[in-house]
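Visitor: Here's a sequence, model it:
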Amino acid sequence: MALKSKGQLYGTALVLGFPVTLVLFYIMATLVSQPVDLGSSADEQIIDFVRVASQSSLQTRQRSMPKKPPKPQKAPDMPKMSVNSQVDAPQPQMAMTSPLASDSLSFGNGPYLGGAVGGGGGGGDREVMPLVRIEPQYPRKAAMSGKEGWVKLKFDVNETGAVENVSIIDAKPPRLFNQSAKRALLKWKYQPKIVDGKPEPRRGLMVQLDFKLRR
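Guide: Residues are numbered from 1 along each chain as shown. The predicted structure is shown next:
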């Protein structure tokens with residue numbers, strides 16, 4: 001009795017399960033065969049890649065030559081300084097005198113210079129005369145102001161005849177003509193003193209240089 005009821009249950013299940021199975025397969029086939037419409041939502045999800053073409057040609061930098069700078073303006077020539085004691089001033093006249101030399105040498109329109117003589121220590125020497133005379137330059141300031149004067153100097157002559165140890169004994173006006181007279185005397189050249197065939201120095205010679213304007 002139990003076996004019979006159990007067989008009936010299996011038969012009933014098969015009869016009922018077969019149509020259910022057919023219905024399920026039909027539904028599945030229907031779903032697969034229908035096309036799917038993605039609509040606007042599918043379009044929004046599409047990403048479009050756009051490739052930008054790169055420039056293949058190299059851009060070269062153009063450099064222009066700089067403009068030449070303007071030539072600098074030539075600086076004005078500096079005025080040349082010149083000293084001319086005869087410009088707008090009387091022509092100077094200079095003389096050198098000595099207590100023991102009365103004669104003087106004339107140089108035309110230029111200054112005239114007297115002789116020089118030893119002052120103490122000359123002994124029996126004859127009058128000392130310079131072999132080379134350099135005329136003193138008349139100071140421009142003195143010439144422009146019309147001033148005259150004199151300078152008395154003391155000096156030595158060495159074995160070669162050169163002047164050395166020049167000193168100012170007196171001057172009038174003081175210091176105005178000192179440098180000009182001293183510079184000129186240092187350039188003078190004398191004949192050296194000869195004793196027993198040998199040159200010897202001369203000491204304590206004096207000379208006065210007069211600075212006078214030619215009228």
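Visitor: Where is the longest strand in the protein?
Guide: For the chain, the strand reaching the highest residue count under DSSP state E is reported as strand 202-213.
Visitor: What mean pLDDT does that one get?
Guide: The average pLDDT within strand 202-213 is 94.
Visitor: who does it pair up with?
Guide: Applying DSSP bridges, strand 202-213 is found paired with strand 92-97 (antiparallel), strand 117-118 (antiparallel), strand 149-157 (antiparallel).
Visitor: neighbouring contacts of the last one?
Guide: Translated: strand 149-157. Around strand 149-157, the neighbours that count as contacts under Cβ atoms under 8 Å, 6 or more residues apart in numbering are 119, 128, 142, 163-173, 176-178, 181-182, 185, 190, 192-193, 201-211. All C-beta spots, glycine's among them, are computed from the backbone N, C-alpha and C.
Visitor: filter those to the buried ones?
Guide: Among the contacts of strand 149-157, those scoring as buried are 119, 128, 142, 163, 166, 168, 171, 176-178, 181-182, 185, 190, 192-193, 202-203, 205-211 (criterion: 16 or more other Cβ atoms under 10 Å).
Visitor: before we move on, what SS does Ala143 have?
Guide: The three-state label for Ala143, taken from DSSP: H, G, I helix; E, B strand; the rest coil, comes out as helix.
Visitor: From what I see, Ile194 and Glu200 are in contact.
Guide: Yes - under the criterion of Cβ atoms under 8 Å, Ile194 lies in contact with Glu200, with a separation of 7.4 Å.
Visitor: Those two - which one has more neighbours?
Guide: Glu200 (13 against 10; other Cβ atoms under 10 Å).
Visitor: partners of that one in the sheet?
Guide: Under DSSP bridges, the beta-bridge partners of Glu200 are Lys193.
Visitor: Now do the same contact list for it.
Guide: For Glu200, the contact set (Cβ under 8 Å, 6+ apart) comprises 159, 192-194.
Visitor: same deal with Asn165?
Guide: 155-156.
Visitor: In three-state terms, how would it be classified?
Guide: Assigned with three-state DSSP, Asn165 falls in the strand class.
Visitor: okay, now the closest residue to Glu148 other than its chain neighbours: neighbour count?
Guide: Spatial nearest neighbour of Glu148, excluding adjacent residues (Cβ to Cβ, 6 or more residues apart in numbering): Lys212 at 5.1 Å. Residues lying near Lys212 (other Cβ under 10 Å) number 16.
Visitor: so what's Lys212 bridging to?
Guide: Under the criterion DSSP bridges, Lys212 forms beta bridges with Gln93.
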